[in-house]
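Colleague: here is my input, please return the structure:
(one chain, ligands or ions: 1)
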Amino acid sequence: MSRCAALLVLATASACVVPRPEHHVAPELSTWVPAQNDSILVAGKRFHVGAPVVLWTDPPNYDAYSTKPRFSGVPEPSGLRYEPGRVRRVTRENPNFVTAPASGEPDARTEPQKQRRIVVSEEVLVEVASSDLEALRGVVDQFVLHYDVCGVSQTCFRVLHDERELSVQFLLDLDGTIYQTLDARETSWHATKSNPRSIGIEIANIGAYPMGVAPALDTWYAEDIGGPYVTIPARLGDGGVRTRGFVGRPARPERIVGSIQGDLLQQYDFTREQYESLVKLTAALCRAFPRIEPDAPRDEEGRVQDRVLSDGEWREFRGILGHYHVQANKADPGPAFDWERYLAAVRARLGEIPASP
Ligand SMILES: [Zn+2]
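Modeller: Below is the predicted model of the structure:
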């Protein structure tokens, strides 16, 4: 899971800060319900994905705009789980966008209500009009991949929204269903310093574990003649998976072992259906936000980097990241994530779909 921090809006007496509304309401819904559930919403505009998409306005309503828990009781509203809109940073010396926050900023979110503060002189923060797609395109340049350690998206949304009061724009369930919880124009809380410049996705997978005994993997996977498959624990019922009776099988049958941040980890692969939907979603996002390059951080040998980026590398990087590239204390999406196959498929998909207006 993402231990996420809102990246906070800075203000000083000397800095010019455009006032931002304390609370946003979800935009008009009536015009938003797509005719076909295969598009995502970016700045209120539909972008075709070609994979199943369930918006927050549709059942089961994984709605990150809501200030109430989705599953547990109906206590008092407890505040926003996201930062409305996007903020771009410019300096007096450099009037162009500076999307990377200064290093040394708080990395952890505290109270939801204590979101904005911090002080940087010489920086001017400008709120990006959330309906202005061109302006958003100048700010959003990263797509961050997570595994959810919850196993299914229903549990992920409960933990993220109800318990931790965090957010992420997309969830990807075992059967390849994409749940969009917020318009991509909003800043969600999933990857600390990358939040202001990124879009995030939590992919259903129980996660990666040190070598040796791994009870979670034993609980979540069984094996039959077709190889390993996901066994959702009985306490979760069907786990909320949209496709009735769906049996999720890892795209590669063996446990994948690999190094992340220098630690050897084992993990089962994601399902074929998840890769298919993720590829289509990623291509759609690269079209919607052309600054997101269809590539991941690479080391000197040209391999996808298996550890956190330096601050400078992270600042420069525009493209697709694992959470572990952003934060040294993270391993997701883990060693089983098949980066090369995924990236090649994204590039192939981009060749098939027309450029966005
Ligand atoms: Zn994460």
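
Colleague: so where do the helices sit in the stretch 201-350 of the chain?
Modeller: Residue ranges of the helices in the stretch 201-350 of the chain, as given by DSSP state H, counting those that start in this stretch, are 215-220, 272-288, 311-316, 323-326, 339-352.

Colleague: between those, which one is nearest to Arg303?
Modeller: helix 339-352 (8.7 Å; CB to CB). The way it works is simple: take the backbone N, C-alpha and C, and place the C-beta from them, glycine included.

Colleague: for the closest residue to the ion within the stretch 101-250 of the chain, give the beta-bridge partners.
Modeller: Residue nearest to the ion within the stretch 101-250 of the chain: His146 (3.3 Å; CB to the ion). Beta-bridge partners for His146, by DSSP bridges, are Glu202.

Colleague: quick one on the thing from earlier: out of the helices of the stretch 201-350 of the chain, deepest packed?
Modeller: helix 323-326 (a mean of 26; mean count of other CB atoms under 10 Å).

Colleague: touching that helix from outside, list them.
Modeller: 2, 144-146, 190-194, 260-261, 296-297, 305-309, 314, 317, 330-333 (CB atoms under 8 Å, 6 or more residues apart in numbering).

Colleague: switch the cut-off to 7 Å
Modeller: Residues outside helix 323-326 that contact it (CB atoms under 7 Å, 6 or more residues apart in numbering) are 2, 144-146, 191-194, 260-261, 297, 305, 308-309, 314, 330-332.

Colleague: inside strands: which ones of these?
Modeller: Residues of the contacts of helix 323-326 located in strands (DSSP state E): Val144, Leu145, His146, Ile260.

Colleague: report the contact partners of the closest residue to the second one other than its chain neighbours.
Modeller: Read that as Leu145. If the residues on either side of it in the chain are set aside, Leu145 comes closest to Pro333, at 4.7 Å by CB to CB, 6 or more residues apart in numbering. Residues in contact with Pro333, defined by CB under 7 Å, 6+ apart, are Leu145, His146, Tyr147, Ile203, Gly322.

Colleague: and which of these is nearest to Gly212?
Modeller: Tyr147 (19.7 Å).

Colleague: does that closest one touch Tyr209 like I think?
Modeller: No - with contact defined as CB atoms under 7 Å, Tyr147 does not count as touching Tyr209 (11.6 Å).

Colleague: more neighbours, the two?
Modeller: Each of Tyr147 and Tyr209 has its neighbours counted (other CB atoms under 10 Å); Tyr147 has more, 28 against 17.

Colleague: return the residues in contact with that one.
Modeller: By CB under 7 Å, 6+ apart, Tyr147 lies in contact with Ile203, Asn205, Gly207, Asp332, Pro333, Gly334.

Colleague: 8 Å - rerun?
Modeller: Applying CB under 8 Å, 6+ apart to Tyr147 gives the contacts Glu202, Ile203, Ala204, Asn205, Ile206, Gly207, Ala208, Phe270, Asp332, Pro333, Gly334, Phe337.

Colleague: can you tell me how far the last one sits from Gly44?
Modeller: When CB to CB, to the nearest Å is the yardstick, Phe337 and Gly44 sit 31 Å from each other.

Colleague: the more surrounded of the two?
Modeller: Higher neighbour count among Phe337 and Gly44: Phe337, with 26 against 14, using other CB under 10 Å.

Colleague: let me see the backbone angles for the more buried one.
Modeller: Backbone torsions of Phe337, given as degrees, to the nearest 10, read phi -70, psi 120.
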